[in-house]
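Colleague: Any chance you can model this:
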Amino acid sequence: MVYLNLPKHRENIGKRREMIITEAAQTKVNQVLNGDGFLEICLEGGGCSGYQIKLKGSSEIPTDAQMLTETIFSDTVSLDLLGDAEMDWNDDPFKPAFKFTPPTGSHSCGCGSSFQLD
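Modeller: Sure thing, here's the model as predicted:
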């Protein structure tokens, strides 16, 4: 689990907006997990814009995890920063991937793999 230094954004903790998992994303997660395990969504410092979203398979749910769906969880620090971000599945035949729309009050870099809180 990753814990981040939270500079000026610490005042937003506890004012959580719910992260959105689209039906397409949940369907893909279920296909990948195939009834075995869970998906963890967490943030790590780094990337072009400050925070990178990381996805990890897990066979267990940590005691401090926050469940987003029956098979997807995250830690509270990551969820506080992710806010109302959206996780979707892009079924492009040439580049299928999970797509994240950054939370309100943030912007992402051109690569779309990281975001920064404004």
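Colleague: Does residue 29 fall in a helix, a strand, or a coil region?
Modeller: Put simply, residue 29 is helix when judged by DSSP: H, G, I helix; E, B strand; the rest coil.
Colleague: Need the nearest residue in space to it, chain neighbours excluded.
Modeller: The shortest distance from residue 29 to any residue other than its chain neighbours is 5.2 Å, reached at residue 39 (Cβ to Cβ, 6 or more residues apart in numbering). The way it works is simple: take the backbone N, C-alpha and C, and place the C-beta from them, glycine included.
Colleague: element containing that neighbour, please.
Modeller: strand 38-46 (DSSP states H and E).
Colleague: What residues of that strand count as buried?
Modeller: Buried residues in strand 38-46, counted by 16 or more other Cβ atoms under 10 Å: 38, 39, 40, 41, 42, 43.
Colleague: now do stretch 18-25
Modeller: For stretch 18-25, by 16+ other Cβ under 10 Å, it's 19, 21, 25.
Colleague: Look up which residues are beta-bridged to the most centrally placed residue in the chain.
Modeller: Centroid check for the chain by Cα atoms, centre = their mean gives residue 41 as the closest residue, at 4.4 Å. Here residue 41 sits in beta bridges with residue 55, residue 74, as judged by DSSP bridges.
Colleague: and residue 96, how far is that from residue 84?
Modeller: 24 Å (Cβ to Cβ, to the nearest Å).
Colleague: Between the two, which is the more surrounded one?
Modeller: residue 84 (14 against 11; other Cβ atoms under 10 Å).
Colleague: Can I take it that that one is in a helix?
Modeller: No. With three-state DSSP as the criterion, residue 84 is coil rather than part of a helix.
Colleague: confidence score at it?
Modeller: Predicted confidence (pLDDT) at residue 84: the value is 85.
Colleague: And it, how far from residue 20?
Modeller: Taken as Cβ to Cβ, the span from residue 84 to residue 20 is 7 Å.
Colleague: now do residue 79
Modeller: Residue 79 is 12 Å from residue 20, by Cβ to Cβ.
Colleague: Quick one: the helices in this structure, in order.
Modeller: Assigned by DSSP state H, the chain shows helices spanning 23-33, 76-82.
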